[in-house]
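Colleague: below are the sequence and a predicted model for it; my questions follow.
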Amino acid sequence: MKRGWLISVVLIALITGLTGCGNNNTGKPANSGTAAGNTSNGTEEQSADPVTIQFAGWGDPTEKEVFTKLIKAFEDKNPAIKVDYLHIPSSDYVGKMNTILAGGNSPDVFYVPDGDFGRWVSQDLLYSIDDLVESNEIDISDMWDSGLNRYRYDGASIGQGALYALPKDIGPTVLYYNKDLFNKMNVPFPSADTPMTYEQLLDTAEKLTISADGKTTQYGMGPIWWEGFVLGNGGQFLSENRQEFTGNSPEAIEALQFAADLSNKYGVVPKSAALKDMNDSQMFSTGKLAMMVTGRWMVPEFRKLGFDWDVAPLPVKQWAGTSGSVGLGIYSKTKNVEAAYTLVEYLGGPEGQREQSLMGFSIPSFKSMANTDVFLQPGQKPEHASVFIKAVESQVAGPWTYLPNAKWYDLLSQGLSPMWEGKKTASEVLNELKPKIDQAIKEGNQALFK
């Protein structure tokens, strides 16, 4: 849930094969609640032929199967609309969509990763759905604010203004842990109610790390999702008006230095070299990693594992952290606004959210649904699924979503390498990066300074 992610002939074939693509009609319909194919006043007869729209997204085979079924159910419910489902592998999605959007021939509805929303909306590629939401029945007041507001844009900044997408999902991050390893090594389980402090995390991770002759065969903790560490320690990345980088504050420096020390000083987190042949999920699945940070999307895969596991809050000083999300957006130049929104509302609404939640890989966008067995799924792992709910209540959109131009965040994440490698301290790196990041913020987001 973090981004960005071929051959020319393949791309050309893909682009020319898209259907339901747009023209220059960006005006909102006068009556967005009418059925697809009707005129805005609803007096003319519906066209004999159904409207065909195209929907683009990604997902593993299980998610693809679920969305294929959802689209079939949608078409049965809306016979005036046919949906051409374009499935793009997740590793290629953003690159291919950038190419397609640049060609001016986009699917009517498509996944909008929260980290790419700012760029696409600021380039006028997404359709504002405010009027459509207001004139239809979906209850956005029941949606998580942190999921919904990351798809708002006021012409300068993200998080306020008009709404341009409905969240397909929201993915807070939590701590997964191997209960069998904890029991084997006589280590108490993390609390499901209270986050571990830094000291408790280090103590627990050291007890679960096995090293001999300079070689570590079992790590106590997986790679740190550092953005959540900073927020959980009381730090911030940008000033309140988002015009200045504040990630070199004492709180941020302390959090990032501790995160780096877990690997470089204490050896309880694998270094990048140790993750080349096997990533953290694979290490966790094979019993080489006792704890790791990730989101709800790993639940279906982890339910297949042959050992017991559960979830706990992020190991930070307070309930905090960052969540990821994918939105359902409408192409700004679509010829079929009403039909496109009808699909967005279905997939992002109660029916679509229920089916996705039952798969186990996502948290419903609706607060009321998250507190039911649809999501909690008693009798299935994890035992403490309610941890996800409290996490989504306390976590916010990641810093990659803060501004339309995210070059500043790229400079930050890439610039931390010397710290992770143990070549420089967090203080040195962050203070060196500040003037470069401040410049990138101003140059890339000039509308913010008007």
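Modeller: Happy to help now that I have it. Numbering: from 1, shown residues only.
Colleague: surely Leu416 is in contact with Glu432?
Modeller: No - counting by CB atoms under 8 Å, Leu416 sits too far from Glu432 to count as a contact (10.9 Å). Heads up, the C-betas are built off the backbone N, CA and C, glycines and all.
Colleague: neighbour count winner among those two?
Modeller: Leu416 (20 against 13; other CB atoms under 10 Å).
Colleague: if we can go back for a sec, shared neighbours of Leu416 and Glu432, anything?
Modeller: With CB atoms under 8 Å, 6 or more residues apart in numbering applied, the contact sets of Leu416 and Glu432 do not overlap.
Colleague: what is the mean pLDDT for whichever strand in the chain runs longest?
Modeller: As assigned by DSSP state E, the longest strand anywhere in the chain is strand 165-178. Averaging the model's pLDDT scores along strand 165-178 yields 95.
Colleague: show me what secondary structure element comes after it.
Modeller: Going down the chain from strand 165-178, the next helix or strand is helix 179-184, by DSSP states H and E.
Colleague: quick check: next helix or strand after that following helix?
Modeller: Going C-terminal from helix 179-184, and assigning secondary structure by DSSP H and E, you next hit helix 198-207.
Colleague: packing partners for that following helix?
Modeller: helix 250-264 (3 or more CB pairs under 8 Å, 6 or more residues apart in numbering; DSSP states H and E).
Colleague: which outside residues touch the helix it packs on?
Modeller: Under CB under 8 Å, 6+ apart, the answer for helix 250-264 is 198, 201-202, 205, 221, 224, 226, 229-230, 232-237, 246, 268-271, 316, 416, 419-422, 425-427, 430.
Colleague: pull out the buried residues from that helix.
Modeller: Under the neighbour-count criterion of 16 or more other CB atoms under 10 Å, helix 250-264 has 251-264 buried.
Colleague: now the end-to-end length of stretch 360-375.
Modeller: End-to-end span of stretch 360-375 (CA to CA, to the nearest Å): 7 Å.
Colleague: give the buried residues for that stretch.
Modeller: Neighbour counts over stretch 360-375 (16+ other CB under 10 Å) mark Gly360, Phe361, Ser362, Ile363, Pro364, Ser365, Phe366, Lys367, Met369, Ala370, Val374, Phe375 as buried.
Colleague: buried residues, stretch 335-353. List them.
Modeller: Buried-residue list, stretch 335-353, by 16+ other CB under 10 Å: 335-350, 352-353.
Colleague: which residues of this protein score low on pLDDT?
Modeller: Counting by pLDDT under 70, the chain shows low-confidence ranges at 1-48.
Colleague: hey, which helix is longest across it?
Modeller: Taking DSSP state H as the criterion, the chain has its longest helix at helix 426-444.
Colleague: distance from the chain centre to that one, please.
Modeller: Distance of helix 426-444 from the chain centroid (CA atoms, centre = their mean, to the nearest Å) equals 25 Å.
Colleague: using PDB, write out every CA atom in it.
Modeller: Output of helix 426-444 as PDB, limited to C-alpha atoms (Å, rounded to 0.1, in the frame of the first residue of the first chain):
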ATOM      1  CA  ALA A 426      19.700  10.800  11.700                       C
ATOM      2  CA  SER A 427      20.500  14.400  12.800                       C
ATOM      3  CA  GLU A 428      23.100  14.800  10.100                       C
ATOM      4  CA  VAL A 429      21.000  13.400   7.300                       C
ATOM      5  CA  LEU A 430      17.800  15.300   8.200                       C
ATOM      6  CA  ASN A 431      19.500  18.700   8.700                       C
ATOM      7  CA  GLU A 432      21.400  18.300   5.400                       C
ATOM      8  CA  LEU A 433      18.100  17.400   3.600                       C
ATOM      9  CA  LYS A 434      16.000  20.200   5.000                       C
ATOM     10  CA  PRO A 435      17.100  23.000   2.500                       C
ATOM     11  CA  LYS A 436      16.800  20.700  -0.500                       C
ATOM     12  CA  ILE A 437      13.400  19.500   0.600                       C
ATOM     13  CA  ASP A 438      12.100  23.000   1.300                       C
ATOM     14  CA  GLN A 439      13.200  24.100  -2.200                       C
ATOM     15  CA  ALA A 440      11.500  21.100  -3.700                       C
ATOM     16  CA  ILE A 441       8.300  21.900  -1.800                       C
ATOM     17  CA  LYS A 442       8.200  25.400  -3.200                       C
ATOM     18  CA  GLU A 443       9.300  24.700  -6.700                       C
ATOM     19  CA  GLY A 444       6.900  21.700  -7.100                       C
END
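Colleague: what sits up against that helix?
Modeller: 238, 242-245, 247-248, 252-254, 256-257, 260, 403-408, 411-412, 415-416, 418-419, 448-449.
Colleague: enumerate every residue touching Asn355.
Modeller: Wrong residue type there; residue 355 is Glu, not Asn. Val66, Lys69, Leu70.
Colleague: who wins on neighbours among these?
Modeller: Compared across the contacts of Glu355, Leu70 has the highest neighbour count, 20 neighbours, by other CB under 10 Å.
Colleague: that residue should be in a strand, yeah?
Modeller: No - counting by DSSP: H, G, I helix; E, B strand; the rest coil, Leu70 is not part of a strand but helix.
Colleague: contact partners for it?
Modeller: Here Leu70 is in contact with Tyr346, Leu347, Glu351, Gly352, Glu355 (CB under 8 Å, 6+ apart).
Colleague: let me know the closest of those residues to Asp180.
Modeller: Nearest to Asp180, judged by CB to CB, of these is Glu355 at 31.9 Å.
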